[in-house]
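> can't give you the sequence, but here's the structure:
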């Protein structure tokens, strides 16, 4: 069992990245369970279908829109993806019961909970800040125990503390006490400095490898790529990651020069 804590600035694309990971793993046969407490399942599935199809979803006015959409939906339905029915503030024990059911009945091995703050909001709305941390710590303790006992990989999204948007996030930026990062086997941060996005592995208990990987976003497919060359022209983030960490405006790719005259 493994617990991953995943954080990043609000609106940076955490759900989008986790959606892509769940699609890719489901295509390889990994049974995945989604607990989306901030975004309704209908909206989440809309994004997942775009990522699965590697293209924008068919829209009204295009040729054979109903046929194409139904064909995509039929293929998507065959993926081993499962969704909890919770939304907003939820009882932690009820969430764990749903997770346990999915493990035994649907044989899920990856669980994504997005996100901690929305999930526990019902229990902390009338409490002091200190009590809010206690509620979060108790939830994390239960999730850690569940991942270990049921031998599943549980990804828990936790929003960062309120900091300057241009400040690079660290382990101490994760909201709450140190409980989340202490219990986690892996801590991942989706960094965004206003120009560039990259995954920053801050903790890796089993392997020890840490570091960063640049990400480039393709708006057409709704997917990230580690390699800018995988994107279509004029698609994706307008800035690239350079070896020295600096960003630069994307330049259109030019055709190779003609061979020299013989």
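Ah, there it is. Being a predicted model, the structure only gives us computed values, none of them experimental.
> ok, residue 94 - contacts?
Neighbour list for residue 94: residue 86 [criterion: C-beta atoms under 8 Å, 6 or more residues apart in numbering]. Using the backbone N, CA and C atoms, a C-beta is placed for each residue, glycine as well.
> meant to ask about residue 138
Counted by C-beta under 8 Å, 6+ apart, residue 138 has contacts residue 92.
> List the buried residues in the helix or strand hosting it.
Using DSSP states H and E, residue 138 sits within helix 129-150. By neighbour count on 16 or more other C-beta atoms under 10 Å, the buried set for helix 129-150 is 132-137, 139-140, 143-144, 146-147, 150.
> which element follows it toward the C-terminus?
strand 153-157.
> strand partners of that following strand, parallel vs antiparallel please.
strand 2-7 (parallel), strand 110-114 (parallel) (DSSP bridges).
> Determine the angle, from 0 to 180 degrees, between the first one and helix 129-150.
Calculated by axes from the mean of the first three to the mean of the last three C-alpha atoms, to 10 degrees, strand 2-7 forms an angle of 140 degrees with helix 129-150.
> Check the shortest one too.
Between strand 110-114 and helix 129-150, the angle formed by their directions is 170 degrees, by the same axes, to 10 degrees.
> distance between the next helix or strand after strand 110-114 and the chain's centre?
The helix or strand immediately downstream of strand 110-114 is helix 116-119, counting by DSSP H and E. Counting by C-alpha atoms, centre = their mean, to the nearest Å, helix 116-119 is centred 15 Å from the centre of its parent chain.
> what sits up against helix 116-119?
35, 37-38, 86, 88-90, 92, 95, 113, 136, 139-140, 156-159, 175-176, 180.
> switch to 7 Å and redo it
Contacts to helix 116-119, defined as C-beta atoms under 7 Å, 6 or more residues apart in numbering, come from residues 37-38, 88, 90, 95, 113, 136, 139, 156-159, 175.
> distance of the closest residue to residue 93 other than its chain neighbours from residue 104?
Leaving aside its sequence neighbours, residue 93 sits nearest to residue 142 (C-beta to C-beta, 6 or more residues apart in numbering; 7.9 Å). For residue 142, the distance to residue 104 equals 18 Å [C-beta to C-beta, to the nearest Å].
> ok, so what distance separates the closest residue to residue 10 other than its chain neighbours from residue 185?
Nearest residue to residue 10, sequence neighbours excluded (C-beta to C-beta, 6+ apart): residue 159, at 6.7 Å. For residue 159, the distance to residue 185 (C-beta to C-beta) stands at 20 Å.
> Likewise for residue 45?
Taken as C-beta to C-beta, the span from residue 45 to residue 185 is 29 Å.
> Check residue 178 too.
15 Å.
> Between these two, which has more neighbouring residues?
Ranked by neighbour count (other C-beta atoms under 10 Å), residue 178 and residue 185 place residue 185 first, with 19 against 11.
> okay, now the closest residue to residue 146 other than its chain neighbours: neighbour count?
Counting by C-beta to C-beta, 6+ apart, residue 146 lies nearest to residue 96, which is 5.9 Å off, once chain neighbours are set aside. A count of nearby residues for residue 96, using other C-beta under 10 Å, gives 15.
> what about the chain, any weak spots by pLDDT?
Scanning the chain for pLDDT under 70 picks out 124-130, 229-262.
> now the helices for it?
For the chain, the helices defined by DSSP state H cover 14-27, 41-53, 65-77, 92-105, 116-119, 121-124, 129-150, 179-183.
> which helices and strands sit right next to the third one?
Where contact means 3 or more C-beta pairs under 7 Å, 6 or more residues apart in numbering; DSSP states H and E, helix 65-77 is packed against helix 41-53.
> One more: the second one?
For helix 41-53, the packing partners by 3+ C-beta pairs under 7 Å, 6+ apart come out as helix 14-27, helix 65-77.
> Please identify the most buried of these.
helix 14-27 (a mean of 20; mean count of other C-beta atoms under 10 Å).
> which helices and strands sit right next to that one?
Against helix 14-27 (3+ C-beta pairs under 7 Å, 6+ apart) you get strand 32-36, helix 41-53, strand 110-114, strand 223-225.
> what's the angle from that helix to strand 32-36?
Here helix 14-27 runs at an angle of 160 degrees relative to strand 32-36 (the same axes, to 10 degrees).
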